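[1] Would you be able to build a 3D model of this:
(chains A and B)
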Amino acid sequence: DTAVSQTPKYLVTQMGNDKSIKCEQNLGHDTMYWYKQDSKKFLKIMFSYNNKELIINETVPNRFSPKSPDKAHLNLHINSLELGDSAVYFCASSQDSENTEAFFGQGTRLTVV
Amino acid sequence: GDSVTQMEGPVTLSEEAFLTINCTYTATGYPSLFWYVQYPGEGLQLLLKATKADDKGSNKGFEATYRKETTSFHLEKGSVQVSDSAVYFCALIDSGGGADGLTFGKGTHLIIQP
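    The predicted model follows:
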C-alpha cells in the first residue's frame, strides 16, 4: 500500500495550459502539503492544508491553487502554465501540524515546453 | 525566519569511508530536526529525526545528535556503502506549529565509489 500517492508521475505540457496533479494519502493524517523542488534540488513549501485551513506561501503565484475534496486528498491546480513552473512537485502528509515528520509522495515531474 | 544550512556537494567518498554531513539551523521556536534522503528518481524518505536537545536519531547505520548549544544536527555514518549514494536533506519544523511545513537545507549530493 502506497502511503502518499500522486499522479501523474510525469507531465509534459505547453505554455498557457491548465493542469492538475492529484494527491491521496491513506495514513489518516490531518495535514497535507505541496512542495516544489527546483532544478537545483531545493525544496520549498507551497501550501499546507489542515482541517480546512489553508496556509499559503506568499511567494506562490495565484495561478497555483490547492483543492481538497476531503481530508485524504489535496490536489494542485495550475493555470496558465509558464516555463518557470517546470519542476518536481511533491505532495506530503503528516499526522498533524506540530513537530511530526512528513511522508512524501514519489513526486510529479512537470515539464512546460 | 527559520533556515537550515548544510554543506553543499557533491561529496565523493570511497566505500567504507566515514561520512559526516554538516547541518546547522536557525529557528524562532524549539524545532524538531530531520534528515531526509532522496534516492535517484524517487521521493523523499525520512532517514532519522530528533525532537529535543541531546536526542540522537539513528537508522540504517546513520546517526545525528540534536545539539542545541551549537544549533547543529550533523549526519554521520561509520562505513558508507555504494547504496548510500543519494541526496541528503536536513530539515526542521518549528515548535510554533508545522503549518508552515518543513524548512529544508539545499541538499547534499553524496556519491560513494566502489
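
[2] For the chain, give me the ranges with low pLDDT.
    Just so you know, I chose chain A. Within chain A, the stretches with pLDDT under 70 are A:1, A:97-99.

[3] wrong chain, I was asking about chain B
    Across chain B, the ranges flagged by pLDDT under 70 are B:95-99.

[4] what are the ranges of the helices in it?
    Secondary structure of chain B by DSSP state H: no helices are present.

[5] Alongside chain A, which residues does it contribute?
    Remark: the part of chain B in contact with chain A comprises B:31-32, B:34, B:36, B:38, B:42-46, B:49, B:51, B:87, B:89, B:93, B:95, B:97-104, B:106-107, B:109, using C-beta under 8 Å from any C-beta of the partner chain. To be clear about C-beta, it is placed using only N, CA and C from the backbone, and glycine gets the same treatment.

[6] From those residues, list just the buried residues.
    B:31-32, B:34, B:36, B:38, B:43-44, B:46, B:49, B:51, B:87, B:89, B:93, B:95, B:98-104, B:106-107 (16 or more other C-beta atoms under 10 Å in any protein chain shown).

[7] give me the number of residues near the one residue in chain A that gets nearest to chain B?
    The minimum distance from chain A to chain B, using C-beta to the nearest C-beta, falls at A:Ile45 (3.5 Å). The number of residues packed near A:Ile45 is 22, by other C-beta atoms under 10 Å in any protein chain shown.

[8] And for A:Lys9?
    Neighbours of A:Lys9 (other C-beta under 10 Å): 14.

[9] One more: B:Tyr30?
    Counted by other C-beta under 10 Å, the residues lying close to B:Tyr30 total 13.

[10] ok, now A:Lys52?
    Applying other C-beta under 10 Å, we find 7 other residues in the vicinity of A:Lys52.

[11] was I right about it contacting A:Ser68?
    Yes. Between A:Lys52 and A:Ser68 there is a contact at 7.4 Å, judged by C-beta atoms under 8 Å.

[12] and the residue nearest to the spatial centre of chain A, what is it in contact with?
    Centroid-nearest residue in chain A, with C-alpha atoms, centre = their mean: A:Trp34, separated by 3.1 Å. Contacts for A:Trp34 (C-beta atoms under 8 Å, 6 or more residues apart in numbering or on different chains) come out as A:Cys23, A:Ile45, A:Met46, A:Phe47, A:Pro66, A:Leu74, A:Leu76, A:Tyr89, A:Phe90, A:Cys91, A:Ala92.

[13] do that again at 10 Å, thanks
    Neighbouring residues of A:Trp34 by C-beta atoms under 10 Å, 6 or more residues apart in numbering or on different chains: A:6, A:21, A:23, A:45-49, A:57, A:60, A:64, A:66, A:74-76, A:89-92, A:105, B:101.

[14] So which of the residues you listed belong to strands?
    A:6, A:21, A:23, A:45-49, A:64, A:66, A:75-76, A:89-92 (DSSP state E).

[15] Stretch A:51-66 vs chain B: in contact?
    Yes. Stretch A:51-66 is in contact with chain B by C-beta under 10 Å from any C-beta of the partner chain, via A:Glu53, A:Leu54, A:Ile55, A:Asn57.
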